[in-house]
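Student: have a look; sequence and predicted model below, questions after that.
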Amino acid sequence: MYDNLSYWEKKNFFHADVIIVGTGIVGLNAAIEIKSLAPKISVLMLERGFFPSGASTKNAGFACFGSISELIEQEKLSGTDGLHSLISKRWKGLLKLRNLLGDEQISYQNNGGFELFRPQQASLTEKCVAKLSHFNTLIEDIVLQKDVYRQVDYRIDEFGFKGIDALIECRLEAQIDPGMMMKALLAKATAMGVQVLNCCKVEELVRANDKIDLKTEQGTFTCKKALLTTNAFINELLPDLAVVPGRGQVIVTKPIPNLKVKGTFHYDLGYYYFRNIDGRILLGGARNLDIKAEETTEFGETVAVQQALHNLLKEVILPATHIEIEHKWSGIMAFGPKLAPIVEELQANIFCAVRCNGMGIAIGSQTGQEAGEMVFRSLDN
C-alpha cells in the first residue's frame, strides 16, 4: 500500500499544519479548539484503531468527579488546594462537554452517583461520613450548590442491594453514552474541516529542520506541530513520561425485568463501578486485585477479575435474580504519580496531552481545550 500512493494522495493527505495522534475525547476536543481559534489552520488526526483505541469508546460512561472515598485518597496526594483545582477542572470539563454537544447528543442523565459500603468496611464508612461536610464545603464554590454529598442509607432497599449497610449519594453525578459522545465529537470536528484517518498507527516521530515526520505503515506524514493524545499508549513514542496503563474489564448483563438500579455506583474506593443501561447492568473494575497484571496496554480479561465482578453482581447488586452476561470487553486508561494530566510541549513543536487518571469523561474536554490552546499559541498566526 505504501508503495502504491498516487500523486493526489501524497499531495492532499500527508501534510498538515497540525497533526494530532489519537482520536479520543482529548484529541477531538483539541482539534475542535484549534479550528475554533484558527479556522484556516489545517488539522489532521491519525488513529491507530478502527475506533479510538484506549478508553474513549470503551469506558463505563460515568459523568463523575469523585466519590467520597476517592476524594479522601486524592486529597492525600494533591493536598486540599490541589484537589479543589482538580475537581474544578473535572466539573468545568463536564460542563464544557455538555455545552459543546448538548445533553441529548450524549444521552446525559442525572440520576445521581452512589457509593456503597459493606458492614466489614465500618471504619471506611465512618471516615467517609465524617468527611461529608468537608467535601461539600470544598466544592460549593465550584458547583454552586450546597450539600451535594449526603448519606442516604434509606435508599438501599429501594435499589434492592444485599449486604450493604451504608450509602452515600452525590446528587450531581450523571451518566452518558460514550459512543454517542464520540460520534458527536467526531461529527463536529469533521464539520469544522478536521481530517481523520483511522487504522494508521504512528511508529516514530522524527524532527527534520522545521518540520516533524510521523512515520506509519501507510507512509510518512509531515506537520509543523504534533500533538500526542494517545494517553496510555504514549510511552510507545515517548518512553520517559510518568504514565502507567491501567486496564479496566467490563461486563454487561442481558436485560433484567423490573430493574431497580438507576444511577452510577462505586464500591471499594472506586475500584468497582456499575450503572444501569438499557435495562441492563454494566459492571467493571476490580483491577486492584492485581494492579501489576492490569498495568498493561493489552486488551483482554483475567479469571480473578471476572470472578470478582460476577460475585459482586450476584451477592450484592442483583441478589436472588437470574443473571446472564451478554457482553464483555476491556479498555485501557492511563494513570501516574500525580493526578493532574500532562499537558506540555515536550520537545520543540511536539506536544502531549495525556494521563486522565480514569476521569477522561470529566477531564477530557477541559484537557483537550487546554492542549488546543497550547498548540494554537505556538503557531505563527
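Tutor: Here it is on my side, so go on.

Student: what is the burial count for residue 81?
Tutor: Counted with other Cβ atoms under 10 Å, residues neighbouring residue 81 total 10. C-beta coordinates here come from the backbone N, C-alpha and C atoms, glycine included.

Student: what about it, helix or strand, and which?
Tutor: Residue 81 belongs to helix 68-101 when assigned by DSSP states H and E.

Student: report the buried residues of that helix.
Tutor: Under the neighbour-count criterion of 16 or more other Cβ atoms under 10 Å, helix 68-101 has 68-72, 74-75, 78, 83-84, 86-94, 96-98, 100-101 buried.

Student: which residues are contacting the helix or strand just after it?
Tutor: Per DSSP H and E, the first helix or strand lying C-terminal to helix 68-101 is helix 103-106. Contact with helix 103-106 is made by 97, 98, 176, 177, 180, 181, 184, as judged by Cβ atoms under 8 Å, 6 or more residues apart in numbering.

Student: tell me, how many neighbours does the fifth one end up with?
Tutor: Using other Cβ under 10 Å, residue 180 is surrounded by 17 other residues.

Student: could you give the angle of the helix or strand in which it is found to helix 68-101?
Tutor: Using DSSP H and E, residue 180 sits in helix 178-191. Between helix 178-191 and helix 68-101, the angle comes out at 40 degrees (axes from the mean of the first three to the mean of the last three Cα atoms, to 10 degrees).

Student: alpha carbons of helix 178-191, as CSV, please.
Tutor: Taking only C-alpha atoms (Å, rounded to 0.1, in the frame of the first residue of the first chain), the coordinates of helix 178-191 have been written out as CSV:
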residue,chain,number,x,y,z
PRO,A,178,-19.7,7.3,25.3
GLY,A,179,-20.4,6.0,21.8
MET,A,180,-22.9,8.8,21.2
MET,A,181,-20.4,11.3,22.7
MET,A,182,-17.6,10.2,20.4
LYS,A,183,-19.9,10.2,17.3
ALA,A,184,-21.0,13.8,18.1
LEU,A,185,-17.4,15.0,18.7
LEU,A,186,-16.2,13.4,15.5
ALA,A,187,-19.1,14.9,13.5
LYS,A,188,-18.3,18.4,15.0
ALA,A,189,-14.6,18.1,14.3
THR,A,190,-15.0,16.9,10.7
ALA,A,191,-17.7,19.6,10.0
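
Student: and it, how far out from the chain middle?
Tutor: Remark: helix 178-191 is offset 15 Å from the chain centroid, using Cα atoms, centre = their mean, to the nearest Å.

Student: contacts for the next helix or strand after that helix?
Tutor: Counting by DSSP H and E, the next helix or strand C-terminal to helix 178-191 is strand 195-197. Residues external to strand 195-197 that are found in contact with it (Cβ under 8 Å, 6+ apart): 13, 16, 23, 42-47, 186, 189-190, 218.

Student: so what strands line up beside strand 195-197?
Tutor: Strand 195-197 has the following strand partners under DSSP bridges: strand 43-46 (parallel).

Student: what pLDDT, on average, does the strand it pairs with get?
Tutor: Averaging pLDDT along strand 43-46 yields 98.

Student: renumber starting at 5 from here on
Tutor: Happy to do that; since the first residue is 5 now, the last one works out to strand 47-50.
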